[in-house]
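Q: A structural model of the following input is requested.
(one chain, ligands or ions: 1)
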Amino acid sequence: MNSWSEGYFTDSTYTYGYYRELSPNFMRWCLLLNGIVAPESTEESFHCELGFGQGISANIHAAATPGKYFGTDFNPAHANLANELAKASESGAKFFEDSFEEFSEREDLPQFDSIGLHGIWSWISAENRKHIMEIARRHLKSGGMLYNSYNCLPGWAPAAPLRELLSIYDRYSGKSGAASGRVEPALKFVEEMINAKPAYLNLAPNFAKTFENIKKHNPDYLAHEYLNLDWDLMYFADVVEISQEFKLDFAATASPLEIVDRLNFSAQAIEFLRKIDNPIIKEQTRDYFINRQFRKDIFVRGIRRITAIERLEKILEMRYVLLYPPENIPLKFPSPLGEVQLAEEAYRPILEFLAEDSYRPKTFGEYLKLNPRKNANNILEVVIILVNGNHIMPCQSEAAVKLVKKPCERLNAHICERSKFEDTINFLASPVTGGGINVNLFNRIFLAQYKAGNKTAAKIAAESWKIFSRQGQKLIRDGKAIETPEENLAYMEKLAENFLTKQLPIFKALAL
Ligand SMILES: C[S@@+](CC[C@H](N)C(=O)[O-])C[C@H]1O[C@@H](n2cnc3c(N)ncnc32)[C@H](O)[C@@H]1O
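A: Residues are numbered from 1 along each chain as shown. The predicted model follows:
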């Protein structure tokens, strides 16, 4: 542990994740869905991410959102990569290596339209949570949004002792250094304990299953999640109370599906919840019905509401873009009530409509004009379900797209260039959505080749195979490595054909 780390795990860097919830555009859309006014997106907007980790989300949003981006993470290795990416994109983002305390004391910060923190709140001390709230108190505009995610009760209650034991074992076993060297012995210890059947398992029968799920994550993630000195579980109402002290009111969750009660609660639960007037008691009680473990909340400094009609019109008149070919979008998804099967006849035509005209972003107002007998409220539910599943995303205005095109181009080129040597950053910045798009290694390499002027599958495959073979890599088909260079090249060409026909039209619509 380093002296600057305040008990936070810093012996390995964090994963290279992207989180759309940190996107100012997505925060705005979630507020709109809940009928709440969000700050407008302009060139004069300011945004901030606290504890940005490797800075993937922060850099994608800095490049893809109009306005200026700020952020801090006290881990110098994290700040280093974040700044490399900011330099490459020329987004003008200012990323610091300050602790939350140091950042809260800065005199050179603007008033932010949004502040985002993901995966921070539960893993830091009460003092650091105060510093974060102080940053919001001093620097969030009135009407500004704060996104905060955290592990919560009651969902974590039965498995919390599991995390405690991992952490206690790590602290007292004298292991230090890299994540894998510490995580593995702690996991082994807990596994052996479970096999010896402690009485606690009778009270928490899911303990062993939770442990099996935890084991699947990578060691760096596990170290940051389970080996920190601090790990505070809170109820939703506790976080609301702390936030209110700093003039922040709970506005919405960043999980759109939560607004559709019939997909989350039984009729009996809906009836029970309907009778609760106080919104905080109601939201807290919903966590008991869902047995929620993790919350993604958006708070606003001074909530203003719009009417139901304005909300509906605004949502349907925004442009949306499809992120995958229609045939790849599953019409089944899990919900707290079990698996939901969507009606083919309702969803397929909408997906086909969104794919028409080379995936050009479209409004649902257009769809309703073409299908005047459809009901706007039913279409709203379709929009919610598709956005929730990350199958479609709301788009920013065409003026905003123009403003951010260049920084996105530069960031994406840099990420694709890095992909020749390492497969770490799996996201590119879309000027159309203002957020990140998951693009796998092959598609990143193929896209770079296509942009370099190699327009046929044969050419893309030949150039891409050079990159892979130089590093002694072989392609994998059906779980087995392909042996000869000729077979590798032939398979690469097949993948490149799929890229040209299936992926490229979508990447073009997203302006990647
Ligand atoms: C679990 S990671 C989450 C990273 C990123 N938000 C994400 O979700 O990918 C928490 C991050 O907060 C940073 N952090 C923890 N305590 C901090 C503090 N007191 N000041 C500044 N950064 C801190 C860590 O370095 C780490 O990068």
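Q: Pull the number of nearby residues for Ile309.
A: Neighbours of Ile309 under the rule other C-beta atoms under 10 Å: 9. In this view, the C-beta of every residue, glycine as well, is placed from N, C-alpha and C.
Q: Glu40: how many residues sit nearby?
A: 11.
Q: For the stretch 351-500 of the chain, which segments count as strands?
A: 362-363, 392-394, 427-430, 435-438, 476-477, 480-481 (DSSP state E, counting those that start in this stretch).
Q: and the third one, which strands flank it?
A: Yep, that's strand 427-430 we're talking about. Strands that pair with strand 427-430, judged by DSSP bridges, come out as strand 435-438 (antiparallel).
Q: Is there contact, residue-wise, from the partner strand to the ligand?
A: No - Strand 435-438 stays clear of the ligand (C-beta under 6 Å from any ligand atom), getting no nearer than 11.6 Å.
Q: ok, and what's touching that strand?
A: With C-beta atoms under 8 Å, 6 or more residues apart in numbering as the test, strand 435-438 has contacts from 18, 20, 23, 25-26, 56-57, 60-61, 64, 323, 393, 426-430, 510, 512.
Q: and the next element down the chain from the lengthiest strand in the chain?
A: Identified as the longest strand of the chain according to DSSP state E is strand 140-151. For strand 140-151, the following helix or strand on the C-terminal side (DSSP states H and E) is helix 160-172.
Q: Give me the phi and psi angles of Pro334.
A: Dihedral angles of Pro334 (phi, psi; degrees, to the nearest 10) stand at phi -80, psi 150.
Q: Apologies, that question was intended for Ile36.
A: Dihedral angles (degrees, to the nearest 10) for Ile36: phi -120, psi 140.
Q: thinking it is in contact with Thr307, fair?
A: No - counting by C-beta atoms under 8 Å, Ile36 stays clear of Thr307, with 11.8 Å between them.
Q: Between those two, which is the more surrounded one?
A: Neighbours around Ile36 and Thr307, counted as other C-beta under 10 Å, are more numerous at Ile36. The numbers are 21 against 9.
Q: Around the ligand, pick out the residues from this protein.
A: 6, 8, 14, 17, 19, 51-53, 72-75, 78, 99-100, 118-120, 123-124, 128, 224.
Q: mind running it again at 8 Å?
A: 5-6, 8, 10, 13-17, 19, 22, 49-54, 56-57, 72-75, 78, 98-103, 117-120, 123-124, 128, 131, 224-225 (C-beta under 8 Å from any ligand atom).
Q: any idea of the mean pLDDT in the longest helix that the chain contains?
A: What stands out as the longest helix in the chain, according to DSSP state H, is helix 398-418. Mean pLDDT, helix 398-418: 97.
Q: Tell me which other helices or strands it touches.
A: Helices and strands touching helix 398-418, by 3 or more C-beta pairs under 8 Å, 6 or more residues apart in numbering; DSSP states H and E, are helix 56-64, helix 76-89, strand 427-430, helix 441-451.
Q: Report all helices and strands that the first one contacts.
A: Judged by 3+ C-beta pairs under 8 Å, 6+ apart, helix 56-64 is in contact with strand 46-50, strand 68-72, helix 76-89, helix 398-418, strand 427-430, strand 435-438.
Q: Now the second one - C-alpha only, PDB.
A: The one in question is strand 68-72. This file holds the C-alpha atoms of strand 68-72, laid out as PDB (Å, rounded to 0.1, in the frame of the first residue of the first chain):
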ATOM      1  CA  LYS A  68     -14.900  20.800 -21.700                       C
ATOM      2  CA  TYR A  69     -14.100  17.800 -19.500                       C
ATOM      3  CA  PHE A  70     -12.300  17.600 -16.200                       C
ATOM      4  CA  GLY A  71     -11.400  14.700 -14.000                       C
ATOM      5  CA  THR A  72      -9.200  13.300 -11.300                       C
END
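Q: what comes into contact with that strand?
A: 45-52, 55, 58, 61-62, 79, 82, 91-100, 102-103, 109-110, 112.
Q: cool, the fifth one as well?
A: Outside strand 427-430, the residues that touch it by C-beta under 8 Å, 6+ apart are 18, 56, 59-60, 63-64, 89, 407-408, 411-412, 415-416, 435-439, 444, 447, 510-512.
Q: returning to that earlier point: tell me the most buried of the strands of the stretch 351-500 of the chain?
A: strand 427-430 (a mean of 27; mean count of other C-beta atoms under 10 Å).
Q: the strands in the stretch 151-300 of the chain, which residues?
A: 249-253, 294-300.
Q: Kindly reformat the strands of the stretch 351-500 of the chain as a markdown table containing mean pLDDT and distance to Leu153.
A: Output for the strands of the stretch 351-500 of the chain, formatted as a markdown table (pLDDT from 0 to 100; distance: least, C-beta to C-beta, whole Å):
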| stretch | mean pLDDT | distance to Leu153 |
| --- | --- | --- |
| strand 362-363 | 98 | 41 |
| strand 392-394 | 98 | 32 |
| strand 427-430 | 98 | 32 |
| strand 435-438 | 98 | 30 |
| strand 476-477 | 90 | 42 |
| strand 480-481 | 89 | 46 |
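Q: Next, format those strands as JSON lines and append distance to Glu184.
A: Shown next, in JSON lines, are these (distance: least, C-beta to C-beta, whole Å):
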{"stretch": "strand 362-363", "distance to Glu184": "50"}
{"stretch": "strand 392-394", "distance to Glu184": "38"}
{"stretch": "strand 427-430", "distance to Glu184": "29"}
{"stretch": "strand 435-438", "distance to Glu184": "29"}
{"stretch": "strand 476-477", "distance to Glu184": "26"}
{"stretch": "strand 480-481", "distance to Glu184": "26"}
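Q: For Glu191, find the nearest of those strands.
A: Taking C-beta to C-beta, strand 476-477 is the member of the strands of the stretch 351-500 of the chain nearest to Glu191, at 29.5 Å.
Q: Given that closest one, what are its sheet partners and their directions?
A: Going by DSSP bridges, the partners of strand 476-477 are strand 480-481 (antiparallel).
Q: which residues touch the strand it pairs with?
A: Looking at what lies outside strand 480-481 - C-beta under 8 Å, 6+ apart - the contacts are Lys474, Leu475.
Q: follow-up on the earlier one: going through the contacts of strand 68-72, which ones are buried?
A: By neighbour count, with 16 or more other C-beta atoms under 10 Å, the contacts of strand 68-72 hold 45-52, 55, 58, 61-62, 79, 82, 91, 93-100, 103, 109-110, 112 as buried.
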